[in-house]
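**Student:** Quick one: sequence and predicted model below, then my questions.
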Amino acid sequence: MSATSLFRRGALGASLAAALTAGMVTPSVAAERELLNSSYDIARELFSAINPEFIAWWQAEHGEEIDIQQSHGGSSAQARAILQGLRADVVTYNQVTDVQALADDGLVAEDWQDAFDNNASPYYSTTAFLVRKDNPKGIESWDDLVREDVDIVFPNPKTSGNGRYTYLAAWGFADDQFDGDEEQIHDFMRTFLGNVSVFDTGGRGATTSFIERGIGDVLISFESEVNNIRGEYGSDDYEVIVPPVSILAEFPVAVVGPNAERNGNLDLAEAYIDYLYSEDAQRQLAGFNYRVNNEAVAEEFSDQFPETELLRVEDVFGSWDAAMEDHFANGALLDQLQRR
Amino acid sequence: MQRIGDAPRVRRILVISAVLLAALFLLLPLVAIFAQAFAQGVEVFWRNVSNHYTVRAIGLTLFITVLTIPVCLVFGVALAWLVTRFSFPGRRLLQTLIDIPFAVSPVVAGLVYLLLYGRNGWIGNWLDGYDIQLMFAWPGILMVTIFVTCPFVARELIPLMQAQGSRDEEAAVTLGASGWTLFRRVTLPNIRWALLYGVILTNARAVGEFGAVSVVSGAIRGQTNTLPLHLEQLYQDYNTVGAFSSAALLALIALLTLAAKASLEWRAARQEA
Amino acid sequence: MITLANITGSAPKRVLPGFGLSLGISLTFVSLMLLLPMTSLFGQLSGISLAEYWRIITDGRVVASYIVTIGAAAVAALVNAAFGLLLAWVLVRYDFPGKRLLDALMDLPFALPTAVAGITLATLYSSNGWMGRLLDPLGIQVAYTWVGIALAMAFTSIPFVVRTVQPVLEDLPNEVDEAALTLGASDATAFRRVILPHLWPALVTGTGLAFVRSLGEFGAIIFIAGNAPYETEITALMIFVRLQEYDYVGASAIASVVLAVSLALLLAINIWQGRFIKRLHGGRG
């Protein structure tokens, strides 16, 4: 075979493959409109369950066939993508600051927290522990985590909203315990951070380290997440501990106005978020171990959620902005506590 | 004839240690991938692979690869022709510049494209006015893929064309051959193996690029997820078998690449002999 | 893939066609695809003072990450130098069953996507993986330690050494061996005194390229590194962290350091190689 015929044949094959794959890439759905929901990392299963329900509801209500696309990633990385041009219509995040970053850029309305109920947080959760079978280290609360014989796994607060909640919860506990004595709080936090065996970049990485690699005595994550993990990996091998004091984790939602308008999805985007507050959706959320505000549903699932004192970030740290600035910014307290 | 290290004992020790080390270091990971992918049987593997989102990810990955190769081919041949057939000021500099993609961490490669073509970048901002979106859509993925793969063809061709020299081509020119004929008849037959080898390397890297693509993709499942990104998401979803099923597909492509390369080398060697 | 590039050859005069066309394509491509995007990196940096830049790149934790990255890359490169030399030698000098398979296997790390390599190595060497289970009782921890980082780096860069040394070894004439052995030298002495000097430039080049590659590697390492501050954080992660914080300037600053070091090393390798080859050929080029 001569070189030229070899290449001619190659080119033919290439263009054929291009034509084929182009067909695969272009959206093949018949839906008239598509809504893009930019969400946090661990919400994939949740929205895979909720979206079909919403699509059916919209179809019944408006007789229009729609489709919902999902984008998942670290919450901050997701917000950054929207700032740089990802045309998501709605955001469903796990940290207020990430929606605020969009608001600061004018992509989300300034008063977004008033646009929907409960500070625009259709569901909430807290930080809880997952320990190994029979809780061999007897871990019940935050002060057990600073013992010398305890190894902790949770994601890096620098790269993960999940990790930030854990840090803030531990701080909130220490603040309460030591009555605001700074030196003692810092000592507590330094020991706490020193007990961490692996700082994975995201929540799922931390889970893999704890479960599949067998690292550490306790995994710290959202209550919803540790319950889901226990369900996934066997309720016989792991136990969930909800500490008596922990932090309130809100899951803020917002419509990305300019994008939704551009995509002609404004009504759809608002209806989607409203739907998250509906009793059907709230029941689904509770099924995924998130705490909800709908009274009927909350009552129904009350066994599932032990009572615990939930600290608000705003009460302990002043505001989210202050918490970010004082603790997580470059060179701030987290960096100082980890310094050698 | 006597050669260094020909004593049977030396020979045996060296061969055995080399094979053992290679098996442990290179072969074992490969086996592990397939073992994990088939951990729950062929059926589960197949269900994972034929999943709607996996199929879309495979489609996007192939689409990007098929578009990347011709661009890299044209650029690689043009650059190699330029720096090996002509002498001009800045030749050495140009040669070093094409090494930039090797020196840049893939995450940074993605970042620089985002900074330029994203909504806040000056080109991206301008394009946004015309409702053209490059980042977080397939054109952005294509652009960074081209960035990380463009040196391969050129780096294969340059040393070869330099070593071969241009005597044949000069002779053809004096005989009156025109540009295109000259390239097709004289140059191409000499460089075809290196060219194909470059294409194979480009292909392997284009299929597998992760860092750079993850920055500009936006990770919309079924739309802008390439196979390596899809794999990472499955891994994050506790779907270890699913993740390794995608990994096995990528490993399979890698193995085909190796086989293609080995057969090329064998053919080239046979032709020389 | 990596051969002795940039061999100093005096390029012929322009009797051949296509100068304008190839120059046009090359320059357009290099400026649009390579240089233009890189300017955005420096555009970010132009907004800050030199003192600020210095503060960012010498931050304690970032410096610790340089040390981890450079240390692990150096170990990986040295291990690869030895391992790569052994493999190249065996592949060129001996015939044995499975040789072609072994040869083909050498390119696996280039062909295998780094993310795949990352999750696979992490799975293999974690304490309940195949390798981890063997090593753990011996008290050897690989995953989530510094050793794991070096291992991932060594895996992704081994072909550089093998593929640069191999062709040089193949081209080595038989007389070299004979000359040494007829003088009555032992294998080891003959290898050190006669073969090694010939292989030296290729070996250094391959090791250098492996080192540069390891400096920038992210995908394969991130899964197996424990990412503990000051201990197992690599520089690429520090860039990633800055990006998560919307700190583009910080990310660009640290990236520029890695870029400068890598480019300087590549340039040094190119120049050193050019010199060496000139000397080897008695200045004929």
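**Tutor:** Cool, got the structure. Numbers count the residues shown, from 1 in each chain, chains lettered A, B, ... in the order given.
**Student:** Looking at the stretch 1-150 of chain C, which residue is nearest chain B?
**Tutor:** C:P113 (2.8 Å; C-beta to the nearest C-beta). Backbone N, C-alpha and C define where each C-beta goes, glycine included.
**Student:** neighbours around the residue of the stretch 101-250 of chain C found nearest chain A, how many?
**Tutor:** Nearest residue of the stretch 101-250 of chain C to chain A: C:S126, at 3.8 Å (C-beta to the nearest C-beta). Using other C-beta atoms under 10 Å in any protein chain shown, C:S126 has 26 neighbouring residues.
**Student:** B:Q95 now?
**Tutor:** Neighbours around B:Q95, by other C-beta under 10 Å: 20.
**Student:** Do I have it right that it meets B:T84?
**Tutor:** No - with contacts counted by C-beta atoms under 8 Å, B:Q95 stays clear of B:T84, the gap being 9.8 Å.
**Student:** circling back to that earlier point, per-residue pLDDT, the residue of the stretch 101-250 of chain C closest to chain A?
**Tutor:** What the model reports as pLDDT for C:S126 is 81.
**Student:** list the contacts for it?
**Tutor:** A:E212, A:R213, A:G214, A:I215, C:G132, C:A143, C:Y144 (C-beta atoms under 8 Å, 6 or more residues apart in numbering or on different chains).
**Student:** Chain B versus the first one, what's the distance?
**Tutor:** Taken as C-beta to the nearest C-beta, to the nearest Å, the spacing of A:E212 relative to chain B amounts to 7 Å.
**Student:** For whatever residue of the stretch 101-250 of chain A ends up closest to chain C, which non-adjacent residue is closest in space?
**Tutor:** Nearest residue of the stretch 101-250 of chain A to chain C: A:R213, at 3.8 Å (C-beta to the nearest C-beta). Once flanking residues are discounted, A:R213 sits nearest to C:S126: 3.8 Å by C-beta to C-beta, 6 or more residues apart in numbering or on different chains.
**Student:** Give me the phi and psi for the one you found.
**Tutor:** phi -70, psi 160 (degrees, to the nearest 10).
**Student:** secondary structure class for residue 246?
**Tutor:** Defaulting to chain A. strand (DSSP: H, G, I helix; E, B strand; the rest coil).
**Student:** wrong one, I was asking about chain C
**Tutor:** Under three-state DSSP, C:Y246 comes out as coil.
**Student:** Now do the contacts for it.
**Tutor:** Contacts here follow C-beta under 8 Å, 6+ apart; on that basis C:Y246 touches A:S76, A:R80, A:L83, A:A101.
**Student:** same thing with A:G318?
**Tutor:** Contacts of A:G318 by C-beta under 8 Å, 6+ apart: none found.
**Student:** let's see it at 10 Å
**Tutor:** A:E325, A:D326 (C-beta atoms under 10 Å, 6 or more residues apart in numbering or on different chains).
**Student:** Please identify the buried residues of stretch C:23-32?
**Tutor:** The neighbour-count check on stretch C:23-32 (16 or more other C-beta atoms under 10 Å in any protein chain shown) flags C:L23, C:I25, C:S26, C:L27, C:F29, C:V30 as buried.
**Student:** Just the C-alpha atoms of the helix or strand of chain C with the lowest mean pLDDT, please, in CSV.
**Tutor:** When each helix and strand of chain C is scored by mean pLDDT, DSSP states H and E, helix C:174-182 comes last, with a mean of 77. Extracted C-alpha coordinates of helix C:174-182, given in CSV (Å, rounded to 0.1, in the frame of the first residue of the first chain):
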residue,chain,number,x,y,z
ASN,C,174,30.1,-3.8,18.0
GLU,C,175,33.7,-2.7,17.9
VAL,C,176,33.1,-0.8,21.1
ASP,C,177,32.4,-3.9,23.0
GLU,C,178,35.1,-5.9,21.4
ALA,C,179,37.8,-3.3,22.0
ALA,C,180,36.9,-3.2,25.7
LEU,C,181,36.8,-6.9,26.2
THR,C,182,39.9,-7.8,24.2
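**Student:** And it, what does it pack against?
**Tutor:** Counting contacts by 3 or more C-beta pairs under 10 Å, 6 or more residues apart in numbering or on different chains; DSSP states H and E, helix C:174-182 packs against helix C:187-190.
**Student:** pLDDT averaged over the following helix or strand past the helix it packs on, what's the number?
**Tutor:** The helix or strand immediately downstream of helix C:187-190 is helix C:196-216, counting by DSSP states H and E. The pLDDT scores in helix C:196-216 average 89.
**Student:** How about helix C:196-216 and chain B, touching?
**Tutor:** Yes - using C-beta under 10 Å from any C-beta of the partner chain, helix C:196-216 reaches chain B at C:L209, C:V212, C:R213, C:L215, C:G216.
**Student:** and those as JSON lines, adding neighbour count and distance to chain A?
**Tutor:** Compiled in JSON lines, these are given as follows (neighbours: other C-beta atoms under 10 Å in any protein chain shown; distance: C-beta to the nearest C-beta, whole Å):
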{"residue": "C:L209", "neighbour count": "23", "distance to chain A": "28"}
{"residue": "C:V212", "neighbour count": "23", "distance to chain A": "24"}
{"residue": "C:R213", "neighbour count": "22", "distance to chain A": "22"}
{"residue": "C:L215", "neighbour count": "25", "distance to chain A": "20"}
{"residue": "C:G216", "neighbour count": "25", "distance to chain A": "18"}
